[in-house]
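Asker: Here is my input; please provide its structure:
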Amino acid sequence: MNQISTYAQQLQTLLVLYLPRVFMALLALVIGWWVIGRVSRLITASTARLDVSLRSFLTSLVNIVLKVLLLISVAGMVGFETTSFVAILGAAGLAVGLALQGTLANFAGGVLILIFKPYVVGDVIESQGKTGEVREIQIFNTILVTPQGDTIILPNGATSNNVIVNKTAQNRALVDIPAEIDGANDLAAVRAWAVPLMLADAQVLPDPAPEVVVTALKPGGMSVAFRAYTRAGQSIPAYGRLIEQLQRALAQQGVKGPVPVSHTYTRALPE
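Answerer: You can find the predicted model right below:
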């Protein structure tokens, strides 16, 4: 009987000691869970203008972090030792961060690109020595498509930390078609038929007007560029049409290619 009485007293002591703590911990858990839900909805509403993938990722990340902190706090209120648990979480977070530092850098770069918008889908950009039209901005990568149909995948971390040349920031894209022709060709005559040909394309803008410019002089010929502007996102199909039309027109107009130049080397005879 004495042993049962002792157990009963110990149980009563434990109830008196821990019951208020458990009650307060449960109350804190319920209130904290509700507050986290409100915070998540607030973050979702405040980031409504961001990309869908980024918005959902940020909301989930904040939601998980707040819930982990809440559970640690509740465990501490009940009386559990949380120091070791926090140390384990910190070590695990450090290990994951070191293992995924490249991926995290790309994620951070993607966040910066989506927030500050140095370019958007449809822009033609040049970065890291690559040029193409932005087809998609993902969390970790930016997808470019070139006029040749190549797909270029740029990591967002390196892209956000390098020089970005946005060729369509003014809502127009340059279509630049180079060609090599004979230096004896009448450039004014080439402009007379080439400019109307480019203007006849439905996607070519009249302002700035298309032009034909000399880009380099070479022995036996010269390099010219047929240039026209389109709206952002229309440069690739316009490039394909114009290069085909110009190739046919060059042949029809009798524009000759560069003339090969043979080099004669002489050596002075000794006297």
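Asker: Which parts of this structure are helices?
Answerer: Along the chain, counting by DSSP state H, helices occupy 2-46, 52-78, 83-99, 101-116, 156-160, 187-199, 235-252.
Asker: surely V120 meets E133?
Answerer: No. The criterion here is CB atoms under 8 Å, and V120 misses it with E133 at 11.1 Å. Heads up, the C-betas are built off the backbone N, CA and C, glycines and all.
Asker: ok, back up a step: weakest of the helices of the chain by average pLDDT?
Answerer: Lowest mean pLDDT of those: helix 83-99, a mean of 67.
Asker: which of the helices of the chain is buried the deepest?
Answerer: Across the helices of the chain, averaging neighbours per residue (mean count of other CB atoms under 10 Å) puts helix 156-160 on top, at a mean of 21.
Asker: Does anything pack onto that one? Which helices or strands?
Answerer: helix 101-116, strand 141-145 (3 or more CB pairs under 8 Å, 6 or more residues apart in numbering; DSSP states H and E).
Asker: Contacts for that helix, please.
Answerer: Residues outside helix 156-160 that contact it (CB atoms under 8 Å, 6 or more residues apart in numbering) are 102, 105-110, 112-113, 118, 127-128, 138-142.
Asker: Looking only at neighbour counts, state which of V120 and E133 leads.
Answerer: E133 (23 against 16; other CB atoms under 10 Å).
Asker: for that one, what are its contacts?
Answerer: So, once contact is read as CB under 8 Å, 6+ apart, E133 ends up touching 122-124, 144-146, 173, 233, 235-236.
Asker: so P147 makes contact with G240?
Answerer: Yes. The criterion here is CB under 8 Å, and P147 meets it with G240 at 7.1 Å.
Asker: Out of the helices of the chain, which is closest to A228?
Answerer: With CB to CB as the criterion, A228 lies closest to helix 187-199 of the helices of the chain, at 4.4 Å.
Asker: tell me the angle of the closest one relative to helix 235-252?
Answerer: Angle of helix 187-199 versus helix 235-252, following axes from the mean of the first three to the mean of the last three CA atoms, to 10 degrees, is 140 degrees.
Asker: Run through who's touching stretch 231-246.
Answerer: 122-124, 133, 145, 147, 168, 171-175, 177, 179, 194, 197-198, 201, 203-205, 226, 228, 230.
Asker: follow-up on the earlier one: for G220, find the nearest of the helices of the chain.
Answerer: Proximity to G220, assessed across the helices of the chain by CB to CB, is greatest for helix 187-199 (15.6 Å).
Asker: and that closest one, what other elements does it pack with?
Answerer: Contacts defined by 3+ CB pairs under 8 Å, 6+ apart place helix 187-199 against strand 211-218, strand 221-231, helix 235-252.
Asker: let's see it at 6 Å
Answerer: When contacts are defined as 3 or more CB pairs under 6 Å, 6 or more residues apart in numbering; DSSP states H and E, helix 187-199 packs onto strand 211-218.
Asker: Quick one: residues contacting A249.
Answerer: Counting by CB atoms under 6 Å, 6 or more residues apart in numbering, A249 touches L197.
Asker: all numbers from here: first residue = 14
Answerer: With the count now opening at 14, the last piece we talked about shows up as A262.
Asker: measure it to Q247 for me?
Answerer: 21 Å (CB to CB, to the nearest Å).
Asker: quick one, domains of the protein?
Answerer: Residue ranges for the domains of the chain, per automatic domain parsing: 15-112, 131-179, 185-265.
Asker: who's the nearest residue to V203 once chain neighbours are set aside bridged to?
Answerer: Take V203 and drop its neighbours on the chain: the residue closest to it by CB to CB, 6 or more residues apart in numbering is V225, 5.8 Å away. Assessed by DSSP bridges, V225 has beta-bridge partners F239.
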